[in-house]
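1. whatever this is, show me its structure:
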Amino acid sequence: MKVLILYYSAYGHIHRLAEAEAEGARSVPGTTATLKRVPETLPPKLADEIGVTAAQKAFAHVPIASIDELPDYDAVIFGVPTRFGNMCGQMRVFLDGAGPLWAKNSLVGKVGSAFTGSATQHGGQETTLITAYVTLLHLGFVVVGLPYSFAGQTRLDEITGGSPYGASTIAGPRGARLPSANELEGARFQGRHVAEIASKIAG
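-> Next comes the predicted model:
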């Protein structure tokens, strides 16, 4: 069972969730989980000015994916930070190149899932994931979310990310808040759940 965790991360929050997703997927016997990133599309000058270039050095070792390799995996978990209630442009540009895969039905029956992050508690996490799933459904993915069997998403003792649509984190207005233990556990749960569902479909 091959699972790809494909993501964009500007400052490292989505990268941390991606690592937890991979941990969860690898906990399912016979599963390999690979982390890859989508290409940066910000102009280099702007990326430098807003600190993205410096922050991305921490996970520069994660290889850049090609759209053509998506059919090689049984499941793909997309890390899509929210930008104004939608997926970030970097992932949008990457997926806009999936037309040839769509034409050949290359992704039909694969398991697809997504996780996200935003600056604020109500910063569009749910709309980002829901609209991401619209794209995955057009490509033929079997969409899997984060079920309520992950009890951490019903906690009331802390402000936390996570919804039935997928794991998520809240970065804070200046990006200083790192994913909490509960948010990371939600990502692990999701990774494991996706791998289990993909295994049942393949089996």
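2. biggest helix in the protein by residues?
-> helix 181-202 (DSSP state H).
3. for it, enumerate the helices and strands it packs against.
-> Judged by 3 or more CB pairs under 8 Å, 6 or more residues apart in numbering; DSSP states H and E, helix 181-202 is in contact with strand 2-7, helix 13-26, strand 75-79, strand 111-118, strand 168-170. Just so you know, the C-beta spots here come from the backbone N, C-alpha and C atoms, and that holds for glycine as well.
4. elements contacting the last one?
-> By that I understand strand 168-170. Applying 3+ CB pairs under 8 Å, 6+ apart, we find strand 168-170 packed against helix 13-26, strand 111-118, helix 181-202.
5. redo that, cut-off 7 Å
-> On a contact count with 3 or more CB pairs under 7 Å, 6 or more residues apart in numbering; DSSP states H and E, strand 168-170 meets strand 111-118.
6. hey, what's the angle from the next helix or strand after the strand it packs on to strand 111-118? Just curious.
-> Per DSSP states H and E, strand 111-118 leads on to helix 125-139 as the next helix or strand towards the C-terminus. The directions of helix 125-139 and strand 111-118 differ by 150 degrees, with axes from the mean of the first three to the mean of the last three CA atoms, to 10 degrees as the criterion.
7. quick one: residues in contact with helix 125-139.
-> 78, 80, 82, 85-87, 95, 98, 101-102, 107, 112, 114, 116, 118, 143, 161, 163, 165-166, 168 (CB atoms under 7 Å, 6 or more residues apart in numbering).
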